[in-house]
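S.K.: what's the 3D shape of this:
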Amino acid sequence: MGLATVAEGDKRWWWNRNVIMVLWMMLSVGFCIGLHCHMRTESLRRAEETLTSMCEERARMLQEQFVVSVNHVHALAILVSTFHYQKNPPALDQVTFANYAARTSFERPLLNGVAYAQRVVHAERELFENQQGWMIKTMKREPSPVQDEYAPVIYSQETVSYIEALDMMSGEEDRGNILRARATGKAVLTRPFRLLESNHLGVVLTFPVYLSGLPADATAEERVKATAGYLGGAFDVESLVENLLHQLAGNREIVVNVYDVTNTSEPLTMYGVHLPDGHMSLSHVSMLDFGDPFRKHQMKCRYRKKPPVSLSSITTPSGIFVICMLVGYIGYAAWSHYDNVKEDFRKMEELKKQAEAADVAKSQFLATVSHEIRTPMNGVLGRMLDMLLDTELNLTQKDYAQTAQVCGRALISLINEVLDRAKIEAGKLEIESVPFDLRSILDDVISLFSAKSREKGIELAIYVSDRVPTILIGDPGRFRQIITNLVGNSVKFTERGHVFIQVHLAEHVKMVIDAKTGLNGHVNEVNITSATTVFNTLSGLEVANSRNACESFKMLLSHGASLSCTFGSGSVPESIADKVTLMVSVEDTGIGIPVHAQDQVFTPFMQADSSTSRNYGGTGIGLSISKCLVELMGGKMNFTSRPHVGSTFTFTAVLQKCGKGSGVDMKRSLSEVLPTCFRGMRAILVDRQPVRAAVTKYHLRRLGIITEDVRTINEALYTLSGQNGYLNSSQPGKQPSIFLIEKDSWDPKVDFHIRNQLLQRKEAGHIQDVPKVVLFLTTESDKTRAGSHADNIIVKPLRASSIAICLQLMLGMGKCQNKDIVDNSASLRGLLDGKNILVVDDNKVNLRVAAAALKKYGAKVECVESGKSALSLLQPPHKFDACFMDVQMPEMDGFEATRQLRIMESKANKEDPPDDGSVMAKRHLPILAMTADVIQATYEECAKCGMDGYVSKPFEEAQLYQEVAKFVALQQIPGSS
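M.R.: Numbers count the residues shown, from 1 in each chain. Next up is the predicted model:
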């Protein structure tokens, strides 16, 4: 029944989709037809507007040209009145009139010709005819019959000379026009007729000629009395309109007709072919005013062809119809596909739940594996090997134990890398923000690889710009992990040359790059010895990255000084005041990375080729983890590599500057504090390599030693004796106390030469005391070259602390270490001495390890193997100052035990409110989780259940010190009650 209902519902929806599709099509068709009609109407309207504009323009121009011609006729009438009637005798005759009319005909292009007819009354006819020598004739050239007055033509233009002696009043229409003209004083027109010569349709313009002295407001009777004659001209209307149309654009598109519509029932055609009404739908009529109020004229314009249908009125509706059909099809298809999409979505939801369950299972598996691996490793590495090494062992046994410890730490390192990668993929790795000493961390990293670098005979050096703050806030563990990984790779793949770590401010480097762009690897001051090119780098070998060339390095040093002056006054840049962006580079002269493999450098578990893994070992995961850590620090990592030349890895990291008011214990953030007894001491450094000399001066500057570097031994001796320097002085303490010489400048001959020269200068009084001679070597095997006159030997890599120890022994200063230097072990003993600590763990090995570690620092330790047992001992009031609790235990795990303990403490605080802070402190017992599960979910669960911190297994002295200092010393946990 249910299936039938579903099928019926599907059928109903299918039917509805069809109906909607049909309605959509009908609406689309109706809309497109309506749009076509609208666009067609708009097209006709625009055509009508265009026709109106063109017709009005032609009518205006025709009317203006006609008015101009009328004005010229009027001017000619004034001329006749002036020279014929106002001069005695008259200054005008037929010859003069004809000549003048012919020469000024260009001003009257629309007139075929002009003529003047004099007004003659019947009484003066005979005298007039005798004076002219001819008889007045009618239009039919017959003697004019007797009438009241006559208007015979006495002056005419050559083109109309055939009308001379003709009486203009002999014709009925002409007579009426003459009478109207002299009564009104305006030009009058005849109706259209065929001109005699051209046979074109035209009109005759008649203008009255008055005697002088006629006022402007004269009456009709006064005008008739003052009339002297009539000036007339024949207008060729057809030629006028034809010339006008040829001058205008669009002449071929429209048809123009000019009509005399004085009699509206029978209009007279003046121009064009008369077409029947309705010949074309679009037409326009423009009225013409030729100055005769009695006559009415108009111009009618039509399109020569019917306006075509516009292409847009066809294409636009068609395009919209196609779009509507496509939209309808898409909607129809989408609706039809709706059920399938819903089904797919349901399946995706199921798959999502399965994936989330798998992710949870993966995290649980990772936690379990981490715990199960770290638990026995904690027993092996955490204290058993350390305790074994503290016992009396012979050399062989001690070597075996140390080898086992190194291998175990390598295994822990590999486990940590795999776990880090898993946390990064899960997005659960977080970056800490704690104060740390960057230079101390770099010194520690250098010490890790010192044995390997000495064994290979390569230079391993660090340089930190003076602009980099001493204390920064960030994640020191992750920063150390990145540097360790990069330096480890460089040392592993470098057989000769150097590994050089530099740290600068990113904005400082950018300023130098903008100031000068050079290509490292080019020879900038090279010495050619035995056809060998020596580059200005740390070891003299070519490097892959141009940014670390000697000249750029020098510019970084010089810009550092200028920046110090710039930032010393005025506004402080944001990067100095708050954010600090570091640029760290690790440069080596190793085997480089093949070009084909450079795109896969940061791919997890990928190496350049199989031979790399076979020859050098490694998993290929370190660089990918380092890149992810750099990005979590807000920076970027990139590299430059050239096969058989070397590689340079560069990354940036955004850290915070530790201000004085931040409330951070600066001393605790330092891993070592350098002695101050060397401040003001002077030394001379002999080194041929400028970059290497700058590195050495960096370490000496940290100790407060003022150093001058020279290229050769002789320069050093000259400087010492005051011949080429400023160091020679009779003042105590101003003379150089130490000679630091690189191995490149030392040989057996120099051994005796320098000692003799120093003794001679002392005997001559040039120096007060013979400086101590310190020789820098790269390998232990080079000690055989030291000779017998070197006061001390320092085997690289250089560290400020190792230099300080060497100088103390050599100068006999004893222990001048700063009073702030505190050993972690001693500090930890001071924090834990006499404290009652409860350790909870179900693994007896872990209990022994943790108890032994805490007892070593003077703590009183009590151990239990379950959470329930811990709760029974921690019933308030109790005697314990802190608790180390395992997370994973049977019956009751560490999370649940902590929650139960916090509930008990809360009840005790409510029932018996504390009187002072010390009692309150006992009612919030610091609990530190001992966990081998280092994923972020475990950290979050620790904080959620009320734990105060954690110590990962196997825990080390530094981590133990950090956590105990945070929750025991800072909170002032009281002693046992």
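S.K.: so what's the backbone phi/psi at Asp881?
M.R.: phi -100, psi -20 (degrees, to the nearest 10).
S.K.: Does it touch Asn836 like I think?
M.R.: Yes: the pair Asp881 and Asn836 passes the contact test of C-beta atoms under 8 Å, sitting 5.2 Å apart. Quick note: C-beta positions are derived from backbone N, CA and C, even for glycine.
S.K.: These two: which is more packed in?
M.R.: The neighbour count for Asp881 versus Asn836, taken as other C-beta atoms under 10 Å, is higher for Asp881 (25 against 18).
S.K.: Kindly list the longest helix within this structure.
M.R.: helix 2-80 (DSSP state H).
S.K.: If you average the pLDDT over that helix, what comes out?
M.R.: Averaged over helix 2-80, pLDDT sits at 80.
S.K.: Give me the distance between Gln402 and Arg409.
M.R.: Distance, Gln402 to Arg409, using C-beta to C-beta, to the nearest Å: 11 Å.
S.K.: ditto for Leu720
M.R.: Separation of Leu720 from Arg409 (C-beta to C-beta) stands at 47 Å.
S.K.: Quick one: mean pLDDT for the helix or strand following the longest helix of the chain?
M.R.: Using DSSP states H and E, the helix or strand that follows helix 2-80 towards the C-terminus is helix 94-103. For helix 94-103, the mean per-residue pLDDT is 89.
S.K.: Helix 94-103 packs against which elements?
M.R.: Helix 94-103 sits against helix 2-80, strand 111-118, strand 153-156, with contacts defined as 3 or more C-beta pairs under 8 Å, 6 or more residues apart in numbering; DSSP states H and E.
S.K.: So for Val273, which of these sits nearest?
M.R.: helix 2-80 (16.6 Å; C-beta to C-beta).
S.K.: quick one: which of Leu720 and Arg409 has more around it?
M.R.: Neighbour totals were compared for Leu720 and Arg409, and Leu720 leads with 25 against 15 (other C-beta under 10 Å).
S.K.: Would you mind measuring from the more buried one to Asn88?
M.R.: 137 Å.
S.K.: for His596, same thing?
M.R.: With distances taken as C-beta to C-beta, His596 is found 122 Å from Asn88.
S.K.: Looking at those two, which is more packed in?
M.R.: Each of His596 and Asn88 has its neighbours counted (other C-beta under 10 Å); His596 has more, 9 against 6.
S.K.: mind checking the SS state of the more buried one?
M.R.: helix (DSSP: H, G, I helix; E, B strand; the rest coil).
S.K.: wait, what's in contact with it?
M.R.: By C-beta atoms under 8 Å, 6 or more residues apart in numbering, the contact set of His596 is empty.
S.K.: Can you check what pLDDT the model gives the closest residue to Pro643 other than its chain neighbours?
M.R.: Leaving aside its sequence neighbours, Pro643 sits nearest to Gly592 (C-beta to C-beta, 6 or more residues apart in numbering; 4.2 Å). Per-residue pLDDT puts Gly592 at 89.
S.K.: which SS class is Gly592?
M.R.: Going by three-state DSSP: Gly592 is coil.
S.K.: In contact with it, which residues?
M.R.: Going by C-beta under 8 Å, 6+ apart, Gly592 touches 544, 641-647.
S.K.: In those, which has the lowest confidence score?
M.R.: For the contacts of Gly592, the pLDDT minimum is Ala544, 84.
S.K.: Not counting sequence-adjacent ones, nearest residue to that one?
M.R.: In space, Ala544 comes closest to Arg642 once its chain neighbours are excluded; the distance is 4.4 Å by C-beta to C-beta, 6+ apart.
S.K.: Output the longest strand belonging to this protein.
M.R.: In the chain, assigned by DSSP state E, the strand with the most residues is strand 646-657.
S.K.: residues of that one that come out buried?
M.R.: Buried residues in strand 646-657, counted by 16 or more other C-beta atoms under 10 Å: 646-653, 655, 657.
S.K.: ditto for stretch 301-308
M.R.: Across stretch 301-308, burial judged by 16+ other C-beta under 10 Å covers 301-303, 307.
S.K.: likewise stretch 454-469?
M.R.: By neighbour count on 16+ other C-beta under 10 Å, the buried set for stretch 454-469 is 454, 456-465, 467-469.
S.K.: next one: the longest strand of the chain to chain centre, how far?
M.R.: Distance of strand 646-657 from the chain centroid (C-alpha atoms, centre = their mean, to the nearest Å) equals 22 Å.
S.K.: can you give me the helices in the stretch 851-977 of the chain?
M.R.: Assigned by DSSP state H, counting those that start in this stretch, the helices in the stretch 851-977 of the chain fall at 867-873, 894-911, 917-922, 936-945, 957-964.
S.K.: and the ones you listed, which one is worst for confidence?
M.R.: helix 917-922 (a mean of 46).
S.K.: quick one: secondary structure of the closest residue in space to Leu798 that isn't next to it in sequence?
M.R.: Leaving aside its sequence neighbours, Leu798 sits nearest to His699 (C-beta to C-beta, 6+ apart; 5.1 Å). Assigned by three-state DSSP, the conformation of His699 is helix.
S.K.: Surely His699 touches Arg799?
M.R.: Yes: counting by C-beta under 8 Å, His699 does reach Arg799; the two are 7.0 Å apart.
S.K.: Got the confidence number for Gln768?
M.R.: So Gln768 comes in at 62 (pLDDT).
S.K.: Same check on Tyr150?
M.R.: On the pLDDT scale, Tyr150 is placed at 91.
S.K.: Pairing partners for it in the sheet, please.
M.R.: Note on Tyr150: beta-bridge partners by DSSP bridges are Val120.
S.K.: so how many other residues sit close to it?
M.R.: By other C-beta under 10 Å, neighbour count at Tyr150 equals 23.
S.K.: Just the helices from the stretch 451-600 of the chain, written as ranges.
M.R.: Under DSSP H, counting those that start in this stretch, the stretch 451-600 of the chain gives helices at 476-493, 506-515, 550-567, 574-577.
S.K.: Also the stretch 301-450 of the chain?
M.R.: With DSSP H, counting those that start in this stretch as the criterion, the stretch 301-450 of the chain has helices spanning 312-336, 338-377, 385-390, 395-426, 438-448, 450-456.
S.K.: hey, C-alpha coordinates of the fifth one in PDB?
M.R.: Once side chains and other backbone atoms are set aside, the C-alpha atoms of helix 438-448 remain, and they are given as PDB (Å, rounded to 0.1, in the frame of the first residue of the first chain):
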ATOM      1  CA  LEU A 438      66.200  32.800  20.300                       C
ATOM      2  CA  ARG A 439      70.000  32.900  20.400                       C
ATOM      3  CA  SER A 440      70.100  30.300  23.200                       C
ATOM      4  CA  ILE A 441      67.900  27.900  21.100                       C
ATOM      5  CA  LEU A 442      70.200  28.300  18.100                       C
ATOM      6  CA  ASP A 443      73.200  27.600  20.300                       C
ATOM      7  CA  ASP A 444      71.500  24.500  21.600                       C
ATOM      8  CA  VAL A 445      70.800  23.300  18.000                       C
ATOM      9  CA  ILE A 446      74.400  24.000  17.000                       C
ATOM     10  CA  SER A 447      75.600  21.800  20.000                       C
ATOM     11  CA  LEU A 448      73.400  18.900  18.800                       C
END
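S.K.: which of the residues in that helix are buried?
M.R.: 438-446.
S.K.: which one of these sits closest to Cys863?
M.R.: Among the buried residues of helix 438-448, Asp444 lies closest to Cys863 (C-beta to C-beta), at 33.3 Å.
S.K.: So which of the helices of the stretch 301-450 of the chain is nearest Gln118?
M.R.: helix 312-336 (66.6 Å).
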